[in-house]
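Colleague: Sequence and predicted structure below; questions after.
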Amino acid sequence: MTEAARTPYDPADEVPMDHTVGRDLFSKFDPLINERQALLDTGVRDPFALVMEKVHSPTLATINAKKTILLGTYNYMGMTFDPDVIAAGKRALDEYGSGTTGSRVLNGTYQGHKECEEALKEFYGTRHAMVFSTGYQANLGLMSTIAGKEDYIILDADSHASIYDGCALGNAQIVRFRHNSVEDLEKRLRRLPPEGGRLVVLEGVYSMLGDIAPLKEMVAVAKAAGAMIVVDEAHGMGFFGKHGRGVFEEAGVEDDIDFVVGTFSKSVGTVGGFVVSNHPKFDVMRLVCRPYVFTASLPPSVVATAATSIRKLMHAGNKRGHLWENSRRLHLGLRELGFTLATPEAQSAIIAVLLPDQNTTVRMWQALLEQGVYVNMARPPATPAGMYLLRCSLCADHTDEQVGQILGMFEAAGRATGCIA
Amino acid sequence: MTDRDETFAKVAELIEPFNKKDIQLTEATTFAGDLEWDSLIVMDFVASVEDEFDILITMNMQAEIESVGQLVDAVENLRNEE
Ligand SMILES: Cc1ncc(COP(=O)(O)O)c(C=O)c1O
(Lines give C-alpha, C1' and ligand atoms only; values in the text may rest on other atoms or scores of the structure.)
Protein backbone atom coordinates (compact mmCIF):
# COMPACT_ATOMS: atom_id res chain seq x y z
CA MET A 1 0.00 0.00 0.00
CA THR A 2 2.71 2.52 0.97
CA GLU A 3 4.69 1.90 -2.24
CA ALA A 4 1.68 2.31 -4.49
CA ALA A 5 0.53 5.43 -2.70
CA ARG A 6 3.74 7.22 -3.70
CA THR A 7 3.33 6.79 -7.43
CA PRO A 8 0.46 8.59 -9.18
CA TYR A 9 -2.44 6.38 -10.19
CA ASP A 10 -2.33 5.19 -13.78
CA PRO A 11 -5.38 3.26 -15.07
CA ALA A 12 -3.04 1.23 -17.31
CA ASP A 13 -1.51 -0.32 -14.20
CA GLU A 14 -4.85 -1.69 -13.12
CA VAL A 15 -4.91 -5.46 -12.87
CA PRO A 16 -8.28 -6.81 -13.97
CA MET A 17 -9.94 -9.02 -11.39
CA ASP A 18 -10.31 -12.69 -11.98
CA HIS A 19 -14.02 -13.23 -12.49
CA THR A 20 -14.28 -16.96 -12.70
CA VAL A 21 -16.08 -16.71 -9.36
CA GLY A 22 -17.75 -13.62 -8.01
CA ARG A 23 -17.56 -10.32 -9.91
CA ASP A 24 -16.27 -6.78 -9.58
CA LEU A 25 -18.79 -5.14 -7.31
CA PHE A 26 -17.98 -1.79 -8.91
CA SER A 27 -19.28 -2.76 -12.35
CA LYS A 28 -22.74 -1.54 -11.38
CA PHE A 29 -21.35 2.00 -11.38
CA ASP A 30 -20.08 1.83 -14.97
CA PRO A 31 -22.97 3.83 -16.46
CA LEU A 32 -22.32 6.66 -13.97
CA ILE A 33 -18.55 6.55 -14.49
CA ASN A 34 -19.06 6.71 -18.26
CA GLU A 35 -21.60 9.52 -18.10
CA ARG A 36 -19.28 11.58 -15.92
CA GLN A 37 -16.33 10.94 -18.20
CA ALA A 38 -18.36 11.96 -21.26
CA LEU A 39 -19.24 15.21 -19.53
CA LEU A 40 -15.64 15.95 -18.53
CA ASP A 41 -14.49 15.09 -22.07
CA THR A 42 -16.45 18.09 -23.34
CA GLY A 43 -13.82 20.16 -21.54
CA VAL A 44 -15.80 21.45 -18.54
CA ARG A 45 -14.56 21.41 -14.97
CA ASP A 46 -15.92 18.81 -12.63
CA PRO A 47 -18.59 20.62 -10.56
CA PHE A 48 -18.27 18.03 -7.80
CA ALA A 49 -14.51 18.28 -7.28
CA LEU A 50 -13.93 21.90 -6.37
CA VAL A 51 -11.40 22.98 -3.74
CA MET A 52 -11.64 26.13 -1.65
CA GLU A 53 -7.98 27.10 -1.40
CA LYS A 54 -8.58 29.87 1.12
CA VAL A 55 -11.71 31.06 2.87
CA HIS A 56 -11.62 34.75 3.75
CA SER A 57 -15.10 35.30 5.18
CA PRO A 58 -18.59 33.77 5.04
CA THR A 59 -19.00 35.31 1.57
CA LEU A 60 -15.52 35.16 0.03
CA ALA A 61 -13.04 32.38 -0.82
CA THR A 62 -10.11 31.79 -3.14
CA ILE A 63 -10.86 29.14 -5.79
CA ASN A 64 -8.37 28.48 -8.64
CA ALA A 65 -6.28 31.34 -7.26
CA LYS A 66 -9.24 33.71 -7.84
CA LYS A 67 -11.21 35.59 -5.20
CA THR A 68 -14.73 34.24 -5.52
CA ILE A 69 -18.04 35.31 -3.98
CA LEU A 70 -19.69 32.39 -2.21
CA LEU A 71 -23.36 32.01 -3.17
CA GLY A 72 -23.93 28.35 -2.42
CA THR A 73 -22.88 27.54 1.12
CA TYR A 74 -26.08 27.64 3.29
CA ASN A 75 -24.07 29.87 5.60
CA TYR A 76 -27.26 31.92 5.93
CA MET A 77 -26.40 33.97 8.96
CA GLY A 78 -22.68 34.35 8.33
CA MET A 79 -21.70 32.93 11.72
CA THR A 80 -18.58 31.02 10.60
CA PHE A 81 -16.22 33.95 11.23
CA ASP A 82 -18.07 35.57 14.10
CA PRO A 83 -15.38 36.67 16.61
CA ASP A 84 -17.32 35.44 19.67
CA VAL A 85 -17.95 32.08 18.04
CA ILE A 86 -14.29 31.64 17.12
CA ALA A 87 -13.11 32.71 20.59
CA ALA A 88 -15.43 30.14 22.21
CA GLY A 89 -14.06 27.41 19.97
CA LYS A 90 -10.44 28.30 20.73
CA ARG A 91 -11.10 28.36 24.45
CA ALA A 92 -12.74 24.93 24.35
CA LEU A 93 -9.89 23.54 22.30
CA ASP A 94 -7.44 24.76 24.96
CA GLU A 95 -9.48 23.64 27.92
CA TYR A 96 -11.00 20.35 26.73
CA GLY A 97 -8.72 19.14 23.94
CA SER A 98 -9.32 18.29 20.31
CA GLY A 99 -11.85 15.47 20.63
CA THR A 100 -13.93 13.39 23.02
CA THR A 101 -13.00 9.95 21.66
CA GLY A 102 -16.29 8.62 22.87
CA SER A 103 -20.03 8.16 22.49
CA ARG A 104 -22.46 10.61 24.06
CA VAL A 105 -23.67 7.85 26.39
CA LEU A 106 -20.20 6.84 27.62
CA ASN A 107 -17.28 9.26 27.92
CA GLY A 108 -18.36 11.67 25.17
CA THR A 109 -20.68 14.06 26.99
CA TYR A 110 -18.68 17.07 28.22
CA GLN A 111 -19.91 20.20 29.91
CA GLY A 112 -19.99 21.80 26.44
CA HIS A 113 -22.47 19.26 25.05
CA LYS A 114 -24.81 19.98 27.94
CA GLU A 115 -24.42 23.74 27.44
CA CYS A 116 -25.16 23.35 23.76
CA GLU A 117 -28.36 21.44 24.59
CA GLU A 118 -29.29 24.18 27.09
CA ALA A 119 -28.82 26.80 24.36
CA LEU A 120 -31.10 24.80 22.04
CA LYS A 121 -33.77 24.44 24.73
CA GLU A 122 -33.75 28.19 25.21
CA PHE A 123 -33.73 28.92 21.52
CA TYR A 124 -36.71 26.63 20.86
CA GLY A 125 -38.48 27.03 24.20
CA THR A 126 -38.68 23.25 24.58
CA ARG A 127 -38.13 20.91 27.53
CA HIS A 128 -35.74 18.57 25.74
CA ALA A 129 -32.88 18.84 23.29
CA MET A 130 -30.57 16.14 21.98
CA VAL A 131 -27.40 16.92 20.05
CA PHE A 132 -26.25 14.46 17.37
CA SER A 133 -22.99 14.44 15.43
CA THR A 134 -24.73 15.62 12.23
CA GLY A 135 -28.23 16.57 11.05
CA TYR A 136 -28.11 13.51 8.83
CA GLN A 137 -27.74 11.35 11.92
CA ALA A 138 -30.48 13.21 13.76
CA ASN A 139 -32.92 12.25 11.01
CA LEU A 140 -31.55 8.71 10.78
CA GLY A 141 -31.97 8.35 14.53
CA LEU A 142 -35.43 9.83 14.91
CA MET A 143 -37.12 8.04 12.00
CA SER A 144 -35.55 4.65 12.63
CA THR A 145 -36.11 4.65 16.39
CA ILE A 146 -39.56 5.99 17.14
CA ALA A 147 -41.54 4.27 14.38
CA GLY A 148 -41.66 0.47 14.66
CA LYS A 149 -42.89 -2.26 12.35
CA GLU A 150 -46.57 -1.65 13.11
CA ASP A 151 -46.29 2.12 12.67
CA TYR A 152 -46.59 4.35 9.63
CA ILE A 153 -44.30 7.15 8.51
CA ILE A 154 -46.00 9.48 6.07
CA LEU A 155 -43.52 11.66 4.22
CA ASP A 156 -43.34 14.23 1.44
CA ALA A 157 -42.00 12.74 -1.80
CA ASP A 158 -39.30 15.44 -1.96
CA SER A 159 -37.96 14.72 1.53
CA HIS A 160 -34.22 15.05 2.17
CA ALA A 161 -32.05 11.94 1.71
CA SER A 162 -31.46 11.73 5.48
CA ILE A 163 -35.22 11.30 6.04
CA TYR A 164 -35.48 8.57 3.42
CA ASP A 165 -32.40 6.86 4.80
CA GLY A 166 -33.80 7.03 8.34
CA CYS A 167 -36.91 5.26 7.05
CA ALA A 168 -34.78 2.63 5.31
CA LEU A 169 -32.82 2.03 8.51
CA GLY A 170 -35.98 1.39 10.53
CA ASN A 171 -38.85 -1.05 10.14
CA ALA A 172 -41.88 1.22 9.81
CA GLN A 173 -44.35 1.17 6.92
CA ILE A 174 -43.50 4.08 4.63
CA VAL A 175 -46.13 6.07 2.75
CA ARG A 176 -45.34 9.01 0.45
CA PHE A 177 -47.50 11.92 -0.60
CA ARG A 178 -47.01 14.32 -3.52
CA HIS A 179 -44.74 17.24 -2.67
CA ASN A 180 -46.47 19.93 -0.59
CA SER A 181 -49.96 18.61 -1.45
CA VAL A 182 -52.28 18.95 1.53
CA GLU A 183 -54.98 17.05 -0.32
CA ASP A 184 -52.67 14.14 -1.10
CA LEU A 185 -51.51 13.95 2.53
CA GLU A 186 -55.09 14.04 3.77
CA LYS A 187 -56.16 11.24 1.41
CA ARG A 188 -53.30 8.99 2.50
CA LEU A 189 -53.94 9.59 6.18
CA ARG A 190 -57.57 8.65 5.63
CA ARG A 191 -56.55 5.33 4.05
CA LEU A 192 -54.32 4.25 6.95
CA PRO A 193 -55.56 1.33 9.03
CA PRO A 194 -56.74 2.38 12.51
CA GLU A 195 -54.09 0.34 14.32
CA GLY A 196 -50.46 1.52 14.44
CA GLY A 197 -48.84 4.86 15.26
CA ARG A 198 -48.49 7.64 12.70
CA LEU A 199 -45.57 9.98 12.14
CA VAL A 200 -45.91 12.74 9.54
CA VAL A 201 -42.56 14.12 8.36
CA LEU A 202 -42.41 17.64 6.92
CA GLU A 203 -39.70 20.17 6.11
CA GLY A 204 -40.06 23.91 6.61
CA VAL A 205 -37.99 24.80 3.53
CA TYR A 206 -37.32 22.27 0.77
CA SER A 207 -33.69 22.77 -0.08
CA MET A 208 -33.69 21.94 -3.78
CA LEU A 209 -36.18 24.55 -4.97
CA GLY A 210 -36.23 26.78 -1.89
CA ASP A 211 -40.02 26.50 -1.60
CA ILE A 212 -41.71 26.38 1.80
CA ALA A 213 -44.35 23.93 3.03
CA PRO A 214 -47.96 24.98 3.72
CA LEU A 215 -47.40 23.94 7.33
CA LYS A 216 -50.56 25.44 8.80
CA GLU A 217 -52.79 23.32 6.58
CA MET A 218 -50.61 20.19 6.71
CA VAL A 219 -50.31 20.25 10.48
CA ALA A 220 -54.09 20.63 10.85
CA VAL A 221 -54.71 17.62 8.63
CA ALA A 222 -52.05 15.52 10.39
CA LYS A 223 -53.31 16.39 13.87
CA ALA A 224 -56.90 15.59 12.89
CA ALA A 225 -55.65 12.11 11.91
CA GLY A 226 -53.97 11.60 15.29
CA ALA A 227 -50.43 11.71 13.90
CA MET A 228 -47.27 12.90 15.61
CA ILE A 229 -45.43 15.50 13.55
CA VAL A 230 -41.75 16.17 12.89
CA VAL A 231 -40.54 19.24 11.03
CA ASP A 232 -37.01 19.44 9.67
CA GLU A 233 -35.98 23.09 9.89
CA ALA A 234 -32.45 22.69 8.46
CA HIS A 235 -33.01 25.61 6.07
CA GLY A 236 -35.41 27.64 8.19
CA MET A 237 -33.55 28.04 11.48
CA GLY A 238 -32.26 31.53 12.19
CA PHE A 239 -34.51 33.69 10.04
CA PHE A 240 -38.14 32.47 9.96
CA GLY A 241 -40.53 33.35 12.79
CA LYS A 242 -40.33 35.78 15.68
CA HIS A 243 -37.51 33.90 17.43
CA GLY A 244 -35.91 32.56 14.27
CA ARG A 245 -37.04 29.02 15.07
CA GLY A 246 -38.19 28.20 11.59
CA VAL A 247 -41.11 28.10 9.18
CA PHE A 248 -43.25 26.26 11.75
CA GLU A 249 -42.96 29.25 14.09
CA GLU A 250 -43.88 31.67 11.35
CA ALA A 251 -46.88 29.46 10.48
CA GLY A 252 -48.04 29.64 14.11
CA VAL A 253 -48.17 25.86 14.62
CA GLU A 254 -45.54 25.51 17.36
CA ASP A 255 -47.90 23.86 19.82
CA ASP A 256 -48.77 21.08 17.39
CA ILE A 257 -45.23 20.05 16.40
CA ASP A 258 -43.88 17.06 18.34
CA PHE A 259 -40.28 17.14 17.12
CA VAL A 260 -38.10 19.70 15.41
CA VAL A 261 -34.98 18.42 13.64
CA GLY A 262 -32.16 20.79 12.79
CA THR A 263 -28.53 21.13 11.89
CA PHE A 264 -25.55 23.24 12.93
CA SER A 265 -24.14 23.08 9.39
CA LYS A 266 -26.18 25.95 7.97
CA SER A 267 -27.26 29.04 9.96
CA VAL A 268 -25.33 27.96 13.07
CA GLY A 269 -22.15 27.79 11.01
CA THR A 270 -20.41 24.66 12.30
CA VAL A 271 -21.33 20.96 12.20
CA GLY A 272 -23.79 18.86 14.18
CA GLY A 273 -27.48 18.05 14.36
CA PHE A 274 -30.28 18.05 16.88
CA VAL A 275 -33.83 17.14 17.78
CA VAL A 276 -35.87 19.23 20.23
CA SER A 277 -39.17 18.12 21.75
CA ASN A 278 -41.58 18.56 24.63
CA HIS A 279 -42.51 14.90 24.76
CA PRO A 280 -42.23 13.81 28.42
CA LYS A 281 -40.45 10.56 27.52
CA PHE A 282 -38.13 12.07 24.94
CA ASP A 283 -34.92 11.45 26.90
CA VAL A 284 -35.24 7.68 26.55
CA MET A 285 -33.99 8.29 23.01
CA ARG A 286 -30.49 8.63 24.46
CA LEU A 287 -30.59 4.93 25.29
CA VAL A 288 -32.35 3.46 22.28
CA CYS A 289 -31.31 5.61 19.32
CA ARG A 290 -28.46 3.84 17.55
CA PRO A 291 -27.14 6.77 15.43
CA TYR A 292 -26.79 8.62 18.76
CA VAL A 293 -25.23 5.82 20.76
CA PHE A 294 -22.90 4.12 18.29
CA THR A 295 -20.83 7.06 17.11
CA ALA A 296 -18.43 9.52 18.71
CA SER A 297 -19.73 12.84 20.02
CA LEU A 298 -18.81 16.21 18.53
CA PRO A 299 -15.44 17.74 19.53
CA PRO A 300 -15.57 20.24 22.42
CA SER A 301 -14.63 23.15 20.14
CA VAL A 302 -17.56 22.38 17.84
CA VAL A 303 -20.21 22.31 20.57
CA ALA A 304 -18.72 25.48 22.06
CA THR A 305 -18.96 27.32 18.72
CA ALA A 306 -22.49 25.95 18.21
CA ALA A 307 -23.73 27.05 21.65
CA THR A 308 -22.28 30.54 21.20
CA SER A 309 -23.70 30.88 17.72
CA ILE A 310 -27.19 29.67 18.76
CA ARG A 311 -27.28 32.22 21.59
CA LYS A 312 -26.25 35.00 19.22
CA LEU A 313 -28.91 33.93 16.70
CA MET A 314 -31.56 34.69 19.35
CA HIS A 315 -30.75 38.38 18.90
CA ALA A 316 -29.95 38.56 15.23
CA GLY A 317 -32.87 40.70 14.06
CA ASN A 318 -30.73 42.97 11.88
CA LYS A 319 -28.99 40.09 10.16
CA ARG A 320 -32.33 38.41 9.50
CA GLY A 321 -33.68 41.56 7.90
CA HIS A 322 -30.69 41.90 5.63
CA LEU A 323 -30.79 38.24 4.61
CA TRP A 324 -34.40 38.65 3.50
CA GLU A 325 -33.54 41.86 1.62
CA ASN A 326 -30.70 40.08 -0.18
CA SER A 327 -32.89 37.11 -1.09
CA ARG A 328 -35.70 39.26 -2.49
CA ARG A 329 -33.31 41.45 -4.43
CA LEU A 330 -31.46 38.53 -6.03
CA HIS A 331 -34.73 36.83 -6.93
CA LEU A 332 -36.15 39.94 -8.54
CA GLY A 333 -32.87 40.73 -10.32
CA LEU A 334 -32.51 37.24 -11.80
CA ARG A 335 -36.12 37.27 -12.95
CA GLU A 336 -35.61 40.63 -14.63
CA LEU A 337 -32.56 39.24 -16.43
CA GLY A 338 -34.80 36.53 -17.88
CA PHE A 339 -33.79 33.49 -15.84
CA THR A 340 -36.41 30.88 -14.94
CA LEU A 341 -36.62 30.44 -11.18
CA ALA A 342 -38.16 27.60 -9.18
CA THR A 343 -40.50 29.79 -7.13
CA PRO A 344 -42.55 32.82 -8.23
CA GLU A 345 -40.98 34.98 -5.52
CA ALA A 346 -38.29 34.48 -2.86
CA GLN A 347 -39.83 32.12 -0.28
CA SER A 348 -36.56 31.42 1.56
CA ALA A 349 -32.86 32.27 1.22
CA ILE A 350 -32.47 29.62 -1.49
CA ILE A 351 -32.99 30.82 -5.06
CA ALA A 352 -32.94 27.98 -7.59
CA VAL A 353 -32.30 28.74 -11.26
CA LEU A 354 -33.82 26.14 -13.60
CA LEU A 355 -31.80 25.11 -16.64
CA PRO A 356 -32.72 22.76 -19.48
CA ASP A 357 -30.07 20.03 -19.31
CA GLN A 358 -26.85 18.82 -17.73
CA ASN A 359 -24.52 20.29 -20.32
CA THR A 360 -25.99 23.80 -20.22
CA THR A 361 -26.06 23.69 -16.43
CA VAL A 362 -22.40 22.73 -16.10
CA ARG A 363 -21.37 25.34 -18.69
CA MET A 364 -23.31 28.05 -16.87
CA TRP A 365 -21.89 26.90 -13.51
CA GLN A 366 -18.38 27.14 -14.92
CA ALA A 367 -19.00 30.52 -16.56
CA LEU A 368 -20.19 31.86 -13.20
CA LEU A 369 -17.08 30.52 -11.51
CA GLU A 370 -14.90 32.21 -14.13
CA GLN A 371 -16.79 35.43 -13.49
CA GLY A 372 -16.08 35.02 -9.78
CA VAL A 373 -19.16 33.57 -8.10
CA TYR A 374 -19.68 30.06 -6.73
CA VAL A 375 -23.14 28.46 -6.75
CA ASN A 376 -24.26 24.87 -6.11
CA MET A 377 -25.09 22.64 -9.02
CA ALA A 378 -27.81 20.04 -8.46
CA ARG A 379 -28.95 17.27 -10.77
CA PRO A 380 -31.13 14.17 -10.68
CA PRO A 381 -31.60 12.07 -8.63
CA ALA A 382 -31.08 14.69 -5.89
CA THR A 383 -33.52 17.06 -7.60
CA PRO A 384 -37.29 16.59 -7.98
CA ALA A 385 -38.81 15.83 -11.40
CA GLY A 386 -35.46 15.36 -13.11
CA MET A 387 -34.52 19.04 -12.93
CA TYR A 388 -31.11 20.61 -13.46
CA LEU A 389 -30.53 23.50 -11.08
CA LEU A 390 -28.07 26.12 -10.07
CA ARG A 391 -28.87 26.78 -6.46
CA CYS A 392 -27.98 30.07 -4.90
CA SER A 393 -28.16 30.54 -1.16
CA LEU A 394 -27.75 33.97 0.30
CA CYS A 395 -25.91 35.09 3.40
CA ALA A 396 -26.84 37.90 5.75
CA ASP A 397 -23.25 39.09 5.27
CA HIS A 398 -23.49 39.57 1.51
CA THR A 399 -23.19 43.31 1.07
CA ASP A 400 -25.47 45.28 -1.20
CA GLU A 401 -22.46 45.77 -3.44
CA GLN A 402 -21.84 42.00 -3.64
CA VAL A 403 -25.46 41.31 -4.60
CA GLY A 404 -25.04 43.87 -7.38
CA GLN A 405 -21.83 42.16 -8.53
CA ILE A 406 -23.53 38.76 -8.45
CA LEU A 407 -26.31 40.01 -10.72
CA GLY A 408 -23.72 41.43 -13.12
CA MET A 409 -21.91 38.09 -13.22
CA PHE A 410 -25.13 36.18 -13.87
CA GLU A 411 -25.89 38.53 -16.73
CA ALA A 412 -22.46 38.05 -18.32
CA ALA A 413 -22.39 34.27 -17.78
CA GLY A 414 -26.00 33.90 -18.95
CA ARG A 415 -25.28 35.77 -22.20
CA ALA A 416 -22.00 33.92 -22.81
CA THR A 417 -23.69 30.52 -22.49
CA GLY A 418 -26.90 31.48 -24.26
CA CYS A 419 -29.03 30.86 -21.16
CA ILE A 420 -30.53 34.33 -21.51
CA ALA A 421 -30.97 36.46 -24.60
CA MET B 1 -64.43 -10.41 -16.94
CA THR B 2 -63.41 -11.51 -13.47
CA ASP B 3 -62.55 -8.92 -10.82
CA ARG B 4 -58.88 -9.62 -11.42
CA ASP B 5 -59.25 -9.07 -15.18
CA GLU B 6 -60.92 -5.78 -14.49
CA THR B 7 -58.12 -4.75 -12.15
CA PHE B 8 -55.56 -5.74 -14.77
CA ALA B 9 -57.38 -3.66 -17.40
CA LYS B 10 -57.53 -0.67 -15.10
CA VAL B 11 -53.85 -0.95 -14.15
CA ALA B 12 -52.95 -1.23 -17.84
CA GLU B 13 -54.92 1.94 -18.51
CA LEU B 14 -52.99 3.74 -15.75
CA ILE B 15 -49.68 2.53 -17.18
CA GLU B 16 -50.44 3.90 -20.67
CA PRO B 17 -49.51 7.58 -20.06
CA PHE B 18 -46.10 6.39 -18.79
CA ASN B 19 -45.62 3.70 -21.46
CA LYS B 20 -43.44 5.84 -23.69
CA LYS B 21 -42.08 2.92 -25.72
CA ASP B 22 -45.49 1.29 -26.34
CA ILE B 23 -44.49 -1.97 -24.71
CA GLN B 24 -47.11 -4.72 -25.04
CA LEU B 25 -48.34 -5.30 -21.47
CA THR B 26 -48.54 -8.79 -20.01
CA GLU B 27 -48.55 -10.18 -16.47
CA ALA B 28 -44.77 -10.59 -16.75
CA THR B 29 -43.94 -7.07 -17.95
CA THR B 30 -41.52 -5.50 -15.47
CA PHE B 31 -41.50 -1.82 -14.49
CA ALA B 32 -37.76 -1.30 -14.18
CA GLY B 33 -36.61 -3.71 -16.90
CA ASP B 34 -39.24 -3.61 -19.68
CA LEU B 35 -40.84 -0.22 -19.11
CA GLU B 36 -37.52 1.35 -18.01
CA TRP B 37 -39.19 3.51 -15.38
CA ASP B 38 -37.10 5.60 -13.01
CA SER B 39 -38.02 6.39 -9.43
CA LEU B 40 -39.82 9.61 -10.42
CA ILE B 41 -42.19 7.82 -12.79
CA VAL B 42 -42.77 5.11 -10.20
CA MET B 43 -43.76 7.75 -7.65
CA ASP B 44 -46.31 9.34 -10.02
CA PHE B 45 -47.68 6.02 -11.18
CA VAL B 46 -48.04 4.54 -7.69
CA ALA B 47 -49.90 7.67 -6.57
CA SER B 48 -52.30 7.29 -9.50
CA VAL B 49 -52.94 3.60 -8.68
CA GLU B 50 -53.50 4.45 -5.01
CA ASP B 51 -55.99 7.14 -5.91
CA GLU B 52 -57.83 4.99 -8.46
CA PHE B 53 -58.40 2.10 -6.05
CA ASP B 54 -58.45 4.16 -2.84
CA ILE B 55 -55.66 2.08 -1.29
CA LEU B 56 -52.15 2.61 0.08
CA ILE B 57 -49.17 0.86 -1.49
CA THR B 58 -46.37 1.43 1.02
CA MET B 59 -42.77 1.82 -0.14
CA ASN B 60 -42.11 -1.46 1.67
CA MET B 61 -44.62 -3.21 -0.62
CA GLN B 62 -43.34 -1.37 -3.69
CA ALA B 63 -39.89 -2.84 -3.08
CA GLU B 64 -41.37 -6.32 -3.59
CA ILE B 65 -43.36 -5.51 -6.73
CA GLU B 66 -41.46 -5.93 -9.98
CA SER B 67 -44.05 -6.96 -12.57
CA VAL B 68 -47.52 -5.89 -13.68
CA GLY B 69 -48.93 -9.21 -12.48
CA GLN B 70 -47.48 -8.73 -9.00
CA LEU B 71 -48.96 -5.24 -8.84
CA VAL B 72 -52.40 -6.51 -9.87
CA ASP B 73 -52.19 -9.19 -7.15
CA ALA B 74 -51.19 -6.60 -4.58
CA VAL B 75 -54.06 -4.31 -5.56
CA GLU B 76 -56.50 -7.23 -5.34
CA ASN B 77 -55.22 -8.18 -1.88
CA LEU B 78 -55.42 -4.63 -0.60
CA ARG B 79 -58.97 -4.19 -1.87
CA ASN B 80 -60.08 -7.47 -0.29
CA GLU B 81 -58.61 -6.45 3.06
CA GLU B 82 -61.10 -3.62 3.34
C1 LIG C 1 -33.46 19.13 5.00
C2 LIG C 1 -32.15 18.67 5.52
N3 LIG C 1 -32.12 17.85 6.58
C4 LIG C 1 -30.95 17.40 7.09
C5 LIG C 1 -29.74 17.76 6.55
C6 LIG C 1 -28.47 17.16 7.10
O7 LIG C 1 -27.74 18.07 7.82
P8 LIG C 1 -26.20 17.83 8.17
O9 LIG C 1 -25.42 18.59 7.14
O10 LIG C 1 -26.04 18.38 9.54
O11 LIG C 1 -25.94 16.37 8.13
C12 LIG C 1 -29.73 18.65 5.46
C13 LIG C 1 -28.48 19.15 4.87
O14 LIG C 1 -27.68 18.56 4.28
C15 LIG C 1 -30.95 19.09 4.92
O16 LIG C 1 -30.98 19.87 3.84
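Modeller: On my side now, so go ahead.
Colleague: interface residues of the stretch 151-300 of chain A facing chain B?
Modeller: Applying Cβ under 8 Å from any Cβ of the partner chain, we find that the stretch 151-300 of chain A lies next to chain B at A:152, A:157, A:167, A:173-178, A:184, A:187-188, A:191-192. For glycine as for every other residue, the C-beta is placed from the backbone atoms N, C-alpha and C.
Colleague: In CSV, list the residues you listed along with pLDDT and secondary structure.
Modeller: What follows is these, written out as CSV (pLDDT from 0 to 100; DSSP: H, G, I helix; E, B strand; the rest coil):
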residue, pLDDT, secondary structure
A:Tyr152, 98, strand
A:Ala157, 94, coil
A:Cys167, 98, helix
A:Gln173, 98, strand
A:Ile174, 98, strand
A:Val175, 97, strand
A:Arg176, 96, strand
A:Phe177, 96, strand
A:Arg178, 94, coil
A:Asp184, 97, helix
A:Lys187, 97, helix
A:Arg188, 97, helix
A:Arg191, 96, helix
A:Leu192, 97, coil
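Colleague: From chain B, how far off is A:Val200?
Modeller: 14 Å (Cβ to the nearest Cβ, to the nearest Å).
Colleague: With A:Met364 instead?
Modeller: 23 Å.
Colleague: One more: A:His113?
Modeller: Per Cβ to the nearest Cβ, A:His113 is found 35 Å from chain B.
Colleague: Hmm, that residue is touching A:Ser301, no?
Modeller: No: applying Cβ atoms under 8 Å, one finds A:His113 not in contact with A:Ser301, separated by 12.0 Å.
Colleague: picking that back up, same list, the residues of the stretch 151-300 of chain A next to chain B, but as CSV with distance to A:Phe240 and neighbour count please.
Modeller: Supplementary listing: these in CSV, determined by distance: Cβ to Cβ, whole Å; neighbours: other Cβ atoms under 10 Å in any protein chain shown:
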residue, distance to A:Phe240, neighbour count
A:Tyr152, 28, 23
A:Ala157, 23, 20
A:Cys167, 26, 25
A:Gln173, 31, 22
A:Ile174, 28, 22
A:Val175, 27, 22
A:Arg176, 25, 26
A:Phe177, 23, 22
A:Arg178, 24, 17
A:Asp184, 24, 18
A:Lys187, 28, 18
A:Arg188, 27, 23
A:Arg191, 32, 16
A:Leu192, 30, 17
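Colleague: Show me what the residue of the stretch 301-421 of chain A found nearest the ligand is bridged to.
Modeller: Here the stretch 301-421 of chain A gets closest to the ligand at one residue, A:Ile350, 9.8 Å apart by Cβ to the nearest ligand atom. Legend: beta-bridge partners of A:Ile350 under DSSP bridges are A:Ser393.
Colleague: mind listing what it touches?
Modeller: A:Val205, A:Ser207, A:Leu209, A:Gly210, A:His235, A:Arg391, A:Cys392, A:Ser393 (Cβ atoms under 8 Å, 6 or more residues apart in numbering or on different chains).
Colleague: what do you get for B:Glu64?
Modeller: So B:Glu64 contacts B:Gln70 (Cβ under 8 Å, 6+ apart).
Colleague: Could you check how far the one residue in chain A that gets nearest to chain B is from the ligand?
Modeller: In chain A, the residue that lies nearest chain B is A:Ile174 (4.0 Å; Cβ to the nearest Cβ). Plainly put, A:Ile174 is 17 Å away from the ligand if you go by Cβ to the nearest ligand atom, to the nearest Å.
Colleague: which residues of chain B fall in strands?
Modeller: Counting by DSSP state E, one finds no strands in chain B.
Colleague: For it, what lies in contact range of chain A?
Modeller: B:38-40, B:43, B:46-47, B:50-51, B:54-56, B:58-60.
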